[in-house]
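> What follows is a predicted protein model with its sequence.
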Amino acid sequence: KRMAMTIVGVMGCVALLVLGFGIRTSVDGLVEKQFDVLNRYDHIIFYEPLLNKKDHKAYEEKIAKDKNIRAKASAYVESVTVDDEGYIDQPVTMIVPENEKELKKLITLRNRKTGKDIPLKGAVITEKLADIKKVKVGDSIRIKDADDEVYDVPVAAIAEAYAGHYMYMDKGSYEKIFRK
């Protein structure tokens, strides 16, 4: 009886070790790919627009003069959610850059299968979000903002990503969809 329990226990431990190494090798390299290749920034600084405009302007000038900052991009960032029927709503970070060229210095939007860059025209969502919602280019995805307002956003492209859910949108599309 004890021998059987010992054998089963050892087999269980070995199975957990094999599973752990399997998981490690399956995600190995994804963090580097996400944060060295696709997202090439070290810091994100959020600015509250209701604060003093003069102080904000002074801060922007200080950032512009800092020799340690190689690239920067200004963008509107908002956390929205996507309903996932039967599961927890998915949080999505929506990023609307002021200038697409500045954003491209920091974030690569590309198709994982073809490797081609994706232009920021319309809403670009990340692969995992597209898989969860079973949407493809041309479909719409329903999002909800912090005020519980619901918007149907047409998907213009699907970008490679390995961590988190993101929606990138050009300023014109954002203003049209969100009426802002």
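Perfect, I can see it now.
> from here on, contacts and neighbour counts on C-alpha atoms
OK.
> Span of stretch 113-121 from start to end?
By CA to CA, to the nearest Å, the extent of stretch 113-121 from end to end equals 20 Å.
> List the buried residues of it.
Residues of stretch 113-121 classed as buried: I118, L120, K121 (neighbour count, 16 or more other CA atoms under 10 Å).
> And for stretch 137-154?
Using 16+ other CA under 10 Å as the test for burial, stretch 137-154 gives S140, I141, I143, K144, D145, V153, P154.
> Excluding its own residues, what touches that stretch? List them.
Contacting residues not belonging to stretch 137-154 are listed as 79-83, 122-123, 133, 135, 155-158, 177-178 [CA atoms under 8 Å, 6 or more residues apart in numbering].
> Which residue in those residues has the weakest pLDDT?
On pLDDT alone, D83 ranks lowest of the contacts of stretch 137-154, at 81.
> What spatial separation is found between that residue and P97?
Following CA to CA, the distance that separates D83 from P97 is 25 Å.
> Ok, A163 next?
Distance check for A163 against P97: by CA to CA, it reads 20 Å.
> how about the strands in this protein?
Per DSSP state E, the chain carries strands over the ranges 75-82, 90-97, 123-126, 140-144, 150-159, 166-169.
> any idea which of those strands is most buried?
For these, ranked by mean neighbour count under the definition mean count of other CA atoms under 10 Å, the leader is strand 123-126 at a mean of 26.
> What's the end-to-end length of stretch 167-180?
The distance separating the two terminal residues of stretch 167-180, taken as CA to CA, comes to 17 Å.
> in it, what's buried?
In terms of neighbour count (16+ other CA under 10 Å), stretch 167-180 has its buried residues at M167, Y168, M169, D170, K171, S173, Y174.
> residues making contact with it?
Under the criterion CA under 8 Å, 6+ apart, residues 92-98, 100, 120-126, 151-153 lie in contact with stretch 167-180.
> please redo it, this time with the cut-off set to 6 Å
Contacts of stretch 167-180 with the rest of the structure, by CA atoms under 6 Å, 6 or more residues apart in numbering, involve M94, I95, V96, L120, K121, G122, A123, V124, I125.
> I appreciate the help and will end here.
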